[in-house]
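S.K.: sequence first, then the predicted structure, then my questions.
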Amino acid sequence: MVANKIQTVQIYPAANKVGIISSSICLIHCVFSPFLLLTGFQLFDFPWLKYLFITVAFISIFYSQKGGDHWKLYVIMWIGFWLFLFAMLFEESYPFLGYVGWFSSALIIYGHILNIRHCKKCITQKDFHHTIKPNDTIE
């Protein structure tokens, strides 16, 4: 594709890293919290923590797709997010949704990793802003 006019593409390389770290912490929290609660260790038993994970997941996916062009990766991440949101909101009523939350966290991590790999092939991920000039090609 050839750019006909000057436009600015914003790339947020930290969004993928924040998404991977946040989803990994969430996955670790969800897997190990039941074991820690059985031992009486209640440091991670905060009800607001799931809302923090939901918010960070949304923001990281939103910003990781800005300036990108690989829509299949974004579909993977958004499906992971909506599954995660559904699982976290209804987990207390339906305990099996805890497993859906684990799967969706892994799906978000996978999507962010694929996006990092794809962005290395893109225009640039070194700068936060890249100006596309006329007759520049976009991959």
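M.R.: Yes, it's here.
S.K.: could you pull out the strands for this protein?
M.R.: For the chain, the strands identified by DSSP state E occupy 7-10, 129-132, in order along the chain.
S.K.: for the first one, what is the average pLDDT?
M.R.: Pointing back at strand 7-10 there. For strand 7-10, the mean pLDDT works out to 47.
S.K.: try stretch 109-118
M.R.: Mean pLDDT, taken over the full extent of stretch 109-118, equals 85.
S.K.: same deal with stretch 24-36?
M.R.: Across stretch 24-36, the average pLDDT comes to 79.
S.K.: what residues of that stretch count as buried?
M.R.: By neighbour count, and taking 16 or more other C-beta atoms under 10 Å as the criterion, the buried residues in stretch 24-36 are 26-27, 29-30, 33. In this view, the C-beta of every residue, glycine as well, is placed from N, C-alpha and C.
S.K.: C-alpha coordinates for that stretch, CSV please?
M.R.: Listed in CSV are the C-alpha atoms of stretch 24-36, where the atom choice follows Å, rounded to 0.1, in the frame of the first residue of the first chain:
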residue,chain,number,x,y,z
SER,A,24,0.8,-13.2,33.4
ILE,A,25,0.4,-11.8,36.9
CYS,A,26,-3.3,-12.3,36.6
LEU,A,27,-2.9,-15.9,35.4
ILE,A,28,-0.4,-16.6,38.3
HIS,A,29,-2.8,-15.0,40.7
CYS,A,30,-5.8,-17.0,39.6
VAL,A,31,-3.9,-20.3,39.6
PHE,A,32,-2.2,-20.0,43.0
SER,A,33,-4.7,-18.0,45.0
PRO,A,34,-6.8,-21.0,46.0
PHE,A,35,-3.7,-22.8,47.3
LEU,A,36,-2.6,-19.7,49.2
